[in-house]
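Q: Just to be clear, the model below is a prediction. Sequence and coordinates:
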Amino acid sequence: MAKFRCRCGEVIAMSGEIPNPLEWHITSDQELEEFWEEQDFEGLQQAARPAFLCPTCERIWIYWDGYEGKRVSYALESDDD
Ligand SMILES: [Zn+2]
């Protein structure tokens, strides 16, 4: 099973349960509009970047270049300022 470890220690499964409760898909407004107009939902799913939300620390890991590319993390910021 494909998985990786979040910086907080949580193990995030990339495969297994379908649909994956931790997986999201990032698409631009432009892409959404284009694919929607064509009713091409499969194309939209393929164009969208996979993202995984860590259930423990709420970091978001995004594969901007698809599953084979590198993943980038975005951590939750504190509102205490
Ligand atoms: Zn985490």
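A: Thanks, I have it.
Q: contacts, neighbours, all on C-alpha from now
A: Will do.
Q: which residues make contact with the helix or strand of the chain with the lowest mean pLDDT from outside it?
A: Across the helices and strands of the chain, mean pLDDT, DSSP states H and E gives its lowest value to helix 41-47, namely a mean of 94. Under the contact criterion CA atoms under 8 Å, 6 or more residues apart in numbering, helix 41-47 has outside partners H25, T27, E31, L32, F35, W36.
Q: For these, work out which two are farthest apart.
A: Pairwise distances across the contacts of helix 41-47 (CA to CA) peak at 15.1 Å, for the pair H25 and W36.
Q: Among the contacts of helix 41-47, which are located in strands?
A: If you go by DSSP state E, these have H25 in strands.
Q: What about the contacts of helix 41-47, which one has the most neighbours?
A: Highest neighbour count within these: L32, with 18 neighbours (other CA atoms under 10 Å).
Q: residues in contact with that residue?
A: Residues near L32 by CA under 8 Å, 6+ apart: L44.
Q: Assign the spatially most central residue of the chain to helix, strand or coil.
A: Geometric centre of the chain, nearest residue: A51, 0.8 Å, by CA atoms, centre = their mean. Secondary structure assignment for A51 (DSSP: H, G, I helix; E, B strand; the rest coil): strand.
Q: what residues are up against it?
A: For A51, the contacting residues are E23, W24, H25, I26, I60, W61, I62, Y63, by CA under 8 Å, 6+ apart.
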